[in-house]
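Visitor: Structure here, sequence nowhere to be found:
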């Protein structure tokens with residue numbers, strides 16, 4: 001869990017098969033179900049080594 005004070009934001013990191021399964025699970029949280037929290041699910045991809053940013057052939 002990560003927290004940002006301005007604007008108030010809480011970030012949770014999940015490992016799941018897809019974004020829809022995370023959204024469905026979050027919808028069950030009481031404060032989300034009550035409409036007190038908004039959610040935004042951002043699907044991340046696999047880690048790419050930083051050297052790939054500087055050497056396009058690094059992933060070959």
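Guide: It's in. No experiment lies behind these values; they were computed from the predicted model shown.

Visitor: can we go C-alpha only for contacts and neighbour counts from here?
Guide: Fine.

Visitor: Quickly note the distance from residue 1 to residue 11.
Guide: Between residue 1 and residue 11 the computed distance is 6 Å (CA to CA, to the nearest Å).

Visitor: now residue 42
Guide: Taken as CA to CA, the span from residue 42 to residue 11 is 10 Å.

Visitor: just residue 54 next, same as before
Guide: From residue 54 over to residue 11 (counting by CA to CA), the distance is 29 Å.

Visitor: The two: who's more crowded?
Guide: residue 11 (12 against 9; other CA atoms under 10 Å).

Visitor: Run through the bridge partners of the more buried one.
Guide: residue 2 (DSSP bridges).

Visitor: ok, it - contacts?
Guide: Neighbour list for residue 11: 1-3 [criterion: CA atoms under 8 Å, 6 or more residues apart in numbering].

Visitor: Tell me the one of the residues you listed nearest residue 20?
Guide: Nearest to residue 20, judged by CA to CA, of the contacts of residue 11 is residue 1 at 19.7 Å.

Visitor: Test my guess that the closest one contacts residue 10.
Guide: Yes. Under the criterion of CA atoms under 8 Å, residue 1 makes contact with residue 10 at 6.9 Å.

Visitor: out of those two, which sits in the busier spot?
Guide: The residue with more neighbours, out of residue 1 and residue 10, is residue 10; 11 against 7, by other CA under 10 Å.

Visitor: And the nearest residue to the more buried one once chain neighbours are set aside, what's its pLDDT?
Guide: The shortest distance from residue 10 to any non-neighbouring residue, by CA to CA, 6 or more residues apart in numbering, is to residue 3 (4.6 Å). Residue 3 carries a pLDDT score of 92 in this model.

Visitor: what's the distance between residue 3 and residue 32?
Guide: 17 Å.

Visitor: Just the endpoints, please. Distance across stretch 5-17?
Guide: 30 Å.

Visitor: Return the per-residue confidence for the most centrally placed residue in the chain.
Guide: Closest residue to the average C-alpha location of the chain: residue 42 at 4.3 Å, with CA atoms, centre = their mean. We note a pLDDT of 93 for residue 42 in this prediction.
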